[in-house]
Structures are given as C-alpha cells and as structure tokens.
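Trainee: Kindly return the folded structure for what I paste below:
(one chain, ligands or ions: 1)
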Amino acid sequence: MTANIVRRYAHNPILTKADVPYPVETVHNAAVVKHGDKYIMLFRSHLRTGRSIIGLARSSDGFHFAVDPKPFLVPAPDSHFAPYEEFGVEDPRITSLEGEYIITYSAYSRNGVRIALARTKDFCEVERVSLITESDYRNVVIFPEKFDGLYARLDRPHSEIAPWSIWISYSPDLRFWGESQLIMRPEPYHWDEMKIGPAAPPIKTDSGWLSIYHGVFRTMDGSVYRLGVALHDLQDPAKVIGVGDAWILQPEDPWEIIGYVHNVVFSCGAVPEPDGTVKIYWGGADTVMCVGEANISDLIALCLEHSRLATQG
Ligand code: BMA
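Mentor: Just a heads-up that it's a prediction; the model follows:
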C-alpha cells in the first residue's frame, strides 16, 4: 500500500539557487506554513563559505514560490546569540501557536549545534527569544497546542552511547524545558536503523498527532535519508501509538540522488489542507526544494495498520 503514498509534484524541484536574488549555493530543508492566504517558506541556503543562512519565499498555491530580495535570518551579529551562531543557522521549523509563529532552527558554532527559538507575527520582523537546548541537539519541532498547561516539543539529542532517537520535552513558557523522555528509537536493520529525527511539526488529526520524521540507513556507498511517519496519542504525545513500518519517501528523482549530499530527502515542513491532503516539503540532496502530496488518512493507516509496534508482538 505504500507505493506512491507521497505523490511528487510533476514540476519538482520547486525552488533552486537560480530563484534566489542573492548569492547562495543551495536551497533546501525548508519550513512552510500558511499565513493568511499565502504559503510562507523559510529555506536554508549554503553560502560559499559553507555556512548557512535562512531565506524567505512566498506562494499563493504552495507550488510556485517567489523569494524575498533579502535573507530572513542570518547569524546574529551581536547579543548572546552571536557566539552560538557564528558557523550558521540551519533547518528551520515553524509552528503556528497562539496567534504567532514560533521558529526553531539549528545554531552552529565552535561550541556545537544547539537550537534557537524565535518568534514572528508577520514574517517581516523576527525576534530571537532563547537558545532552548545546550549542544548537541537538532530537529526541534514544537506542537501547536499545550498539554496540561505545558508546551511540548520533539527533539533529537546526539549521544555517543545510544542510537540517535526522538525525545519529548515540556515547557511552561517556551524558554525553559524539562521532563525529557526518549519516546522513539531507530529500528535495528530497518531503513531508519542508524538515526532518526523529527521532520515537520506534528499535525493534529482525529486519530492522533501525525509526525513525519527522517530516518537514516548506512550503506557501503554512504547514508540514505528517507521519511517515515509516526502517530502520537492526542492527549499524551509521549505515547507513540503507531510507527509506519515502511518509509513514505526515499530519494528517487535525479536531484534527490545527486547533489551536495547524495541520496537525501530531508523535510522540515508540511502543510495540512482542508481536503484531507498534506503538502510535504523536502530538500533534495541538500541542494533543491521539492514538494509532494499525500492523503492524511493513508499516512494514518500506515501507522496503525502497518505499524512496527504491532509487528514486534
Ligand atoms: C543532517 C543535517 C541535515 C542534512 C542531512 C543530510 O545531519 O545536517 O541538515 O540535510 O544531514 O546531509
């Protein structure tokens, strides 16, 4: 049932460096949300230094994007963020929460990689709020609702001891986080056995929170990044109620197989639509942006009817 569960847009890639009016080498790993009647995309670009910045593109249909003349977020020149962003800002995620947009992104520096949280109401002004992890963390996605009065996030700390897994943490104010628990591990000898991490912020459905995640498999020819889905309990998101045993997307198009990093589909954003579909956005080979559509009901069915939790018995 998983053949073509994600239907690629026929005119991928939808955004490349040729579309950016300032010098960049890549356009990838973008967050996307609907803001009024527009789709807003925050995308990562490598500069020729090898360090990354974040640009902004706008669209009326979610497929055709026009890039703003100036980058949206570059490493902080001063403030207490500066020493943690000197090597670049990467892989943004956006959650629409209580009338504003919360942006999380990876802040790279000689001190490691941590996650910074910023907020905007209009995608014109952006305010950095806090560095919400120490190093080394990546892939923080914030739920769009509170649970028992607390904000919740999924994230992925790095460890030299354990395989890189998905954790959950809670916060009263988006700044201070705690009560962390590991909730999902890579599955041995599966497509995601090497490491996993949250991709797009979770999407609320009647059956649970749908979480798109990335999983990595190491081969003799390097690592392959694919996307999968998991379903979390609506009231208690720490409870994973199903994980699709099969991936939903793997590198297949030429611009996903060959690029800055070969064999990568990497998502930071997905937009649920009123007709029951979801637009999933992904970076191809860390070089270009692509989009595809899936039926949310198919993704849920994959989690519940073809779940690895069920097959483990
Ligand atoms: C991960 C991150 C992503 C990137 C992926 C593939 O570790 O660096 O930003 O897309 O590797 O290179």
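
Trainee: Let me see the ranges of the helices in this structure.
Mentor: 82-85, 254-257, 296-305, 308-312 (DSSP state H).

Trainee: I'd like the mean pLDDT over the last one, please.
Mentor: Mean pLDDT, helix 308-312: 65.

Trainee: quick one, which of the helices of the chain is nearest to the ligand?
Mentor: helix 254-257 (11.4 Å; Cβ to the nearest ligand atom). Any C-beta I mention is one placed from the backbone N, CA and C, and that applies to glycine too.

Trainee: Okay, buried residues for the closest one please.
Mentor: 255-257 (16 or more other Cβ atoms under 10 Å).

Trainee: what's that helix packed up against?
Mentor: Applying 3 or more Cβ pairs under 8 Å, 6 or more residues apart in numbering; DSSP states H and E, one finds that helix 254-257 makes contact with strand 288-295.

Trainee: Swap in 6 Å and give it another go.
Mentor: Judged by 3 or more Cβ pairs under 6 Å, 6 or more residues apart in numbering; DSSP states H and E, helix 254-257 has no packing partners among the helices and strands.

Trainee: can the helices of the chain go into a markdown table with extra columns for distance to the ligand?
Mentor: Formatted as a markdown table, those follow (distance: least, Cβ to the nearest ligand atom, whole Å):
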| stretch | distance to the ligand |
| --- | --- |
| helix 82-85 | 15 |
| helix 254-257 | 11 |
| helix 296-305 | 22 |
| helix 308-312 | 23 |
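
Trainee: Now the weakest link among those helices, please, by mean pLDDT.
Mentor: Taking mean pLDDT as the measure, helix 308-312 is lowest among the helices of the chain, coming in at a mean of 65.

Trainee: how about the residues of the stretch 201-313 of the chain near the ligand?
Mentor: 225, 261, 264, 266, 283, 286 (Cβ under 6 Å from any ligand atom).

Trainee: cutoff 5 Å now
Mentor: Residues of the stretch 201-313 of the chain lying near the ligand by Cβ under 5 Å from any ligand atom: 261, 264, 266, 286.

Trainee: buried set for stretch 226-242?
Mentor: For stretch 226-242, by 16+ other Cβ under 10 Å, it's 226-232, 234, 237-238, 240-242.

Trainee: And for the closest residue to residue 58 other than its chain neighbours, the neighbour number?
Mentor: Spatial nearest neighbour of residue 58, excluding adjacent residues (Cβ to Cβ, 6 or more residues apart in numbering): residue 38 at 5.3 Å. Applying other Cβ atoms under 10 Å, we find 14 other residues in the vicinity of residue 38.

Trainee: For residue 38, give its distance to residue 220.
Mentor: Distance of residue 38 to residue 220, computed by Cβ to Cβ, to the nearest Å: 45 Å.

Trainee: Quick check: the farthest pair among the residues of the stretch 201-313 of the chain next to the ligand?
Mentor: Comparing every pair within those by Cβ to Cβ identifies 261 and 266 as the most remote, at 8.8 Å.

Trainee: between those two, which one's more packed in?
Mentor: More crowded of residue 261 and residue 266, by other Cβ under 10 Å: residue 266, with 25 against 17.

Trainee: Spatially nearest residue to that one (excluding sequence neighbours)?
Mentor: Using Cβ to Cβ, 6+ apart, the nearest residue to residue 266 is residue 283, at 4.7 Å.

Trainee: same thing with residue 232?
Mentor: Nearest to residue 232 is residue 209, by Cβ to Cβ, 6+ apart, at 4.1 Å.

Trainee: Run through the bridge partners of residue 243.
Mentor: Judged by DSSP bridges, the bridge partners of residue 243 are residue 230.

Trainee: What residues are recorded as beta-bridge partners of residue 112?
Mentor: If you apply DSSP bridges, the partners that residue 112 bridges to are residue 109.

Trainee: I should have written residue 211 there, sorry.
Mentor: Here residue 211, judged by DSSP bridges, has bridge partners residue 230.

Trainee: Show the low-confidence segments of the stretch 1-150 of the chain, by residue range.
Mentor: The model of the stretch 1-150 of the chain has pLDDT under 70 over residues 1-3.

Trainee: hey, where'd the strands end up in it?
Mentor: 7-8, 28-35, 38-46, 52-59, 66-67, 88-97, 100-109, 112-120, 127-131, 137-142 (DSSP state E, counting those that start in this stretch).

Trainee: follow-up on the earlier one: switch the residues of the stretch 201-313 of the chain next to the ligand over to a markdown table; also include pLDDT.
Mentor: Output for those, formatted as a markdown table (pLDDT from 0 to 100):
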| residue | pLDDT |
| --- | --- |
| 261 | 97 |
| 264 | 98 |
| 266 | 98 |
| 286 | 98 |
